[in-house]
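S.K.: How does the following fold in three dimensions:
(4 chains)
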There are 4 protein chains.
Amino acid sequence: MAKSRFEYVKQFERENYLLPDTHLVIRVDGKGFHKFSQHYTFDKPNDEKALRVMNQAAREIVEHYSDVLMAYGDSDEYSFLLRRGCEMYERREMKLITTFASAMTAYYGYYWNLAFPEKPLEVARMPMFDARVVVYPNFQIVRDYFSWRQVDCHINNLYNTTFWTLVLRGGLSPKDAENRLAGTVSADKNELLFKEFGINYNNEPEMFKKGTIFVREFQDYKPVEETGLSSRQKQRLDKARKKATIGEYHVDIINDNSFWESRPWLAD
Amino acid sequence: MAKSRFEYVKQFERENYLLPDTHLVIRVDGKGFHKFSQHYTFDKPNDEKALRVMNQAAREIVEHYSDVLMAYGDSDEYSFLLRRGCEMYERREMKLITTFASAMTAYYGYYWNLAFPEKPLEVARMPMFDARVVVYPNFQIVRDYFSWRQVDCHINNLYNTTFWTLVLRGGLSPKDAENRLAGTVSADKNELLFKEFGINYNNEPEMFKKGTIFVREFQDYKPVEETGLSSRQKQRLDKARKKATIGEYHVDIINDNSFWESRPWLAD
Amino acid sequence: MAKSRFEYVKQFERENYLLPDTHLVIRVDGKGFHKFSQHYTFDKPNDEKALRVMNQAAREIVEHYSDVLMAYGDSDEYSFLLRRGCEMYERREMKLITTFASAMTAYYGYYWNLAFPEKPLEVARMPMFDARVVVYPNFQIVRDYFSWRQVDCHINNLYNTTFWTLVLRGGLSPKDAENRLAGTVSADKNELLFKEFGINYNNEPEMFKKGTIFVREFQDYKPVEETGLSSRQKQRLDKARKKATIGEYHVDIINDNSFWESRPWLAD
Amino acid sequence: MAKSRFEYVKQFERENYLLPDTHLVIRVDGKGFHKFSQHYTFDKPNDEKALRVMNQAAREIVEHYSDVLMAYGDSDEYSFLLRRGCEMYERREMKLITTFASAMTAYYGYYWNLAFPEKPLEVARMPMFDARVVVYPNFQIVRDYFSWRQVDCHINNLYNTTFWTLVLRGGLSPKDAENRLAGTVSADKNELLFKEFGINYNNEPEMFKKGTIFVREFQDYKPVEETGLSSRQKQRLDKARKKATIGEYHVDIINDNSFWESRPWLAD
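M.R.: Next up is the predicted model:
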């Protein structure tokens, strides 16, 4: 509204418009969640209720922003896939990432208060998230991105499961448990769990082992060539995305091609 | 930890390291606060309690991040000045802005719940913020930046005060009030307030007219040439910044040079 | 080699590493070639010898940089397509564009001196080029890019041909010729040329109408999955690119799919 | 002129507008000049005639672009300082750097042909230059930048002078000369030159030891606050810059404050 002689300072603002026609992945990451989980005494190795708070927050984002086709998360991070034709905030990087960081923060706080009335959030230890966006030019790399995150989930969860079993059931100090695991590979950890504690890692909850996937599910999807759509057609498509149901899964998305092939809209 | 054949996807990540030796201003803005203020029935033209929630959230940020030398805010926005030598997150743009957006969101939610126990936040209408960072090469432009925001505060508040007086006390419909004010300048609004409602705008609360300023206040400040400091000296300076008290003001920062000249560390 | 206390100034340098796995197009443009062509008295509407200087310069670039798969040019501009896996200068934007601008300048000057011994270059009117690089995430857009340039060539050449025919053979002043052509479409210009001057535009030289295309031609091309290639395999491929012959064409690349389909390496 | 359905490809173009109100330094660097100097049999350690070709090319640029306040060069590189208020090409990075790379290439080729009629440039070994631009927020860093380049000139020239003296007069092989100099500091090289060859390095030509400086020289310079100038005033200033004489020097710009203080326009 106001025009003053100071307006010129706006000339120093810069925007980064992310490359059109590329897949965008926004990854949101908990800040200092190691300390956060200690402060609020999370169950180890996984606090199921706290994980569900993450999932509820992520689901809100998927529901609210219809350009989000899919989300994958585990531990204190979540990755959101925005469709190739996404024009949210004209693809301005700063708007996109601060909005996602803020939304995750708001929803996490909201669901935390519902889930943990006995552990109200304290101002000195609030849950916060940073975020980044990555631009991927084709869908094969997007698949590899999600594989990367799911491999990471697996490796961390196997480590944490073994570590905390050694500590909580084996009576080792954290330091000793760490030393015990130094240099071990996956097979070693599986064997250790089974031989010493009778735990078959395969029977651990899928949500812990595989993470959580939210997908926008379409009925009767017809691939559309976005270029040259009228604005009415665009609105109709956007409406369809808004109405789409949101599926929640804890499955392998690395090797199971059918997950991807049965949902061609993810790549469109 | 995990190295997999999918790691290559990280090569698509990009960082923007903001130019060294420049003043950084991070501006945090409420998202959809017009609707937010209607939903939670804010007092008009200013809801003092809600403004104080903003201020408390901003103060937390100033206290927590010692590189913040000053903050200025009004309505649903806050601008934070980071010192020229700031190396927080290696000056990475994405980290800086998502952290500030997230922190504002977390603290606002926290203080809202304290201030408005009778109006708990609803998941469909959470307070959220976006953020941007602007790089300013010299301090004159930084001063002009804050002048720009304070002029904006003044103009908006004078308009809103007149508008809501016409509606709440004058009985005009919002549409009629808008028409009545179309084309008026500041002097017209001052006169309208005074002649028709006996309101002297100058007597309105300073916080509404001037906004709120937080400043890191140093005792016995000695200007230091940052270049070539040992890491121990840097730590000592950082400690001094952490211990600095934080002043809160509602004063003119456009024309009052003494505000700036008595605080040489803001420009250093 | 030298380490001095001034080295810190390097911290202000920035690099833009162009997104991996995308097609790069570098477009080189003559600076002030309108005046340049007047100064050196180019034939109108096309100076065939000067165009061949452009083509020779562009061909040198294609030959010299084996990552260039194709080039298209007309008038005073040339576009070079760099392969998706190109790692020249680690895809640093500044290196790439300044190298191409400099190479075009050097080769143009060289071939000019050979072609026009009677018109030596004068220091006050040297041929210079600027350059930009554009990142395209998939090959359909790359094809559309070259279509865009060839449409531009066609429209400009039809206009120039008609304009200069009106001036040189019709005796119109440039101003009158411009007025005569205002508002005309292609069909009008074709008709004007034919009815008034007996010129069938279709019979104009293909190089003028279609521009010039250079393509790296491979025998027995086998598509290769670049990811995971050993450095020896990469070297072998690079050697193949270096040995590839370079074809020169003046053909339709907009509607003729076979041009593209018979050269799958362009998209690889 | 032409609007076609392919125009959308322009949406993928990006511009980097360099931060306003900052000093810009464009550094132009010879590409492969080690081989270039061998191919055209440069005198060693310095080919005075070839250096003068560099200088003439740089001077053309300083003369031609009135936003250039100063240039410093040695060996195969030149740095150009653009004034803080420079609006050339709207401060677009790609335009600026490709123009300077191209101009250097064009002028170097031109003056080479004048200086070395007996060594005409060959197409397989053309002189080419890349370029980069660096943004400096204040003038102290600009001074340090030029100090950095002059220190570099000194160190390289002392090394090269000693190396080539060992080879050309001492009869050492290049390999032996290199070994002889490994680990030596400046004092060692000075002593070696003096004791073994009677050469006092201080008496070497200033152009070799200090490099070359071009400066735009103003008479009766009055500092002007650029902000708020009318466009007529801007034109008058631009005209003054265009008329300024250009001084050429080979002097110390590291320790001699008077060089800088007597030319306040460099910082303005």
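
S.K.: C-alpha from now on. contacts and neighbour counts both.
M.R.: OK.

S.K.: Let me know whether residue A:207 touches residue A:250 as I believe.
M.R.: Yes. Assessed by CA atoms under 8 Å, residue A:207 is found in contact with residue A:250 at 5.3 Å.

S.K.: got any residues that touch both of those two?
M.R.: Listed as contacting both residue A:207 and residue A:250 by CA atoms under 8 Å, 6 or more residues apart in numbering or on different chains is no residue at all.

S.K.: Near residue A:15, how many other residues are there?
M.R.: 12 (other CA atoms under 10 Å in any protein chain shown).

S.K.: Strands along chain A, start to end?
M.R.: A:23-30, A:68-74, A:77-82, A:129-136, A:212-217, A:245-249 (DSSP state E).

S.K.: now the ones you listed as TSV including mean neighbour count, mean pLDDT and distance to residue C:29?
M.R.: Output for the strands of chain A, formatted as TSV (neighbours: other CA atoms under 10 Å in any protein chain shown; pLDDT from 0 to 100; distance: least, CA to CA, whole Å):
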stretch	mean neighbour count	mean pLDDT	distance to residue C:29
strand A:23-30	23	98	31
strand A:68-74	24	98	40
strand A:77-82	23	98	36
strand A:129-136	25	98	29
strand A:212-217	22	98	46
strand A:245-249	15	97	50
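
S.K.: Those: which one's closest to chain D?
M.R.: Judged by CA to the nearest CA, the one of those that comes nearest to chain D is strand A:129-136, at 13.4 Å.

S.K.: Let me see the residues that make contact with the closest one.
M.R.: Contacts to strand A:129-136, defined as CA under 8 Å, 6+ apart, come from residues A:18-19, A:22-31, A:93, A:96-98, A:100-102, A:104-105, A:142, B:12-14, B:94-95, B:98-99, B:102.

S.K.: among these, which are within reach of chain C?
M.R.: A:22, B:12 (CA under 8 Å from any CA of the partner chain).

S.K.: Going by neighbour count, which of the contacts of strand A:129-136 are buried?
M.R.: Neighbour counting with 16 or more other CA atoms under 10 Å in any protein chain shown marks A:18-19, A:22-31, A:93, A:96-98, A:100-102, A:104-105, A:142, B:12, B:14, B:94-95, B:98-99, B:102 as buried within those.

S.K.: Now do the same contact list for residue A:62.
M.R.: Counting by CA under 8 Å, 6+ apart, the residues that residue A:62 touches are A:68, A:69, A:70, A:71, A:80, A:214, A:216, A:246.

S.K.: all helices of the stretch 1-150 of chain A, in order?
M.R.: Ranges of helices within the stretch 1-150 of chain A are A:33-39, A:48-64, A:93-115, A:139-168, based on DSSP state H, counting those that start in this stretch.

S.K.: Can you add mean pLDDT and give these back as CSV?
M.R.: Below are the helices of the stretch 1-150 of chain A laid out as CSV (pLDDT from 0 to 100):
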stretch, mean pLDDT
helix A:33-39, 98
helix A:48-64, 98
helix A:93-115, 98
helix A:139-168, 98
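
S.K.: Mean neighbour count, the ones you listed: which tops it?
M.R.: Mean neighbour count (mean count of other CA atoms under 10 Å in any protein chain shown) peaks for helix A:93-115 among the helices of the stretch 1-150 of chain A, with a mean of 24.

S.K.: Packing partners of it?
M.R.: Secondary-structure packing of helix A:93-115 (3 or more CA pairs under 8 Å, 6 or more residues apart in numbering or on different chains; DSSP states H and E): strand A:23-30, helix A:48-64, strand A:129-136, helix B:93-115, strand B:129-136.

S.K.: Mind doing that once more with 6 Å?
M.R.: When contacts are defined as 3 or more CA pairs under 6 Å, 6 or more residues apart in numbering or on different chains; DSSP states H and E, helix A:93-115 sits against helix A:48-64, strand A:129-136, helix B:93-115, strand B:129-136.

S.K.: Tabulate the ones you listed (JSON lines), appending distance to residue B:188.
M.R.: JSON lines is the format used below for these (distance: least, CA to CA, whole Å):
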{"stretch": "helix A:48-64", "distance to residue B:188": "44"}
{"stretch": "strand A:129-136", "distance to residue B:188": "46"}
{"stretch": "helix B:93-115", "distance to residue B:188": "36"}
{"stretch": "strand B:129-136", "distance to residue B:188": "34"}
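
S.K.: closest to residue C:262 out of these?
M.R.: Between residue C:262 and those, the tightest spacing by CA to CA is seen for strand A:129-136, at 27.8 Å.

S.K.: now the angle from the closest one to strand A:77-82?
M.R.: On the basis of axes from the mean of the first three to the mean of the last three CA atoms, to 10 degrees, strand A:129-136 is oriented at 40 degrees to strand A:77-82.

S.K.: Determine the angle, from 0 to 180 degrees, between strand A:129-136 and helix A:139-168.
M.R.: Counting by the same axes, to 10 degrees, strand A:129-136 points 150 degrees away from the direction of helix A:139-168.

S.K.: What strands line up against strand A:129-136, and which way round?
M.R.: Partner strands for strand A:129-136, per DSSP bridges, with pairing direction: strand A:23-30 (antiparallel).

S.K.: Which residues does the strand it pairs with contact?
M.R.: Strand A:23-30 has contacts (CA atoms under 6 Å, 6 or more residues apart in numbering or on different chains) with A:76-84, A:128-136.

S.K.: That strand: how far from the chain's middle?
M.R.: Distance, stretch centre to chain centre, for strand A:23-30: 7 Å (CA atoms, centre = their mean, to the nearest Å).

S.K.: who's the residue positioned nearest the centre of chain A bridged to?
M.R.: The centroid of chain A falls nearest to residue A:78 when counting by CA atoms, centre = their mean (1.4 Å). Going by DSSP bridges, residue A:78 is paired in beta bridges with residue A:28, residue A:73.

S.K.: how much space between the closest residue to residue A:264 other than its chain neighbours and residue A:80?
M.R.: Excluding the flanking residues, the one nearest residue A:264 by CA to CA, 6 or more residues apart in numbering or on different chains is residue A:223, at 7.8 Å. Distance of residue A:223 to residue A:80, given as CA to CA, to the nearest Å: 21 Å.
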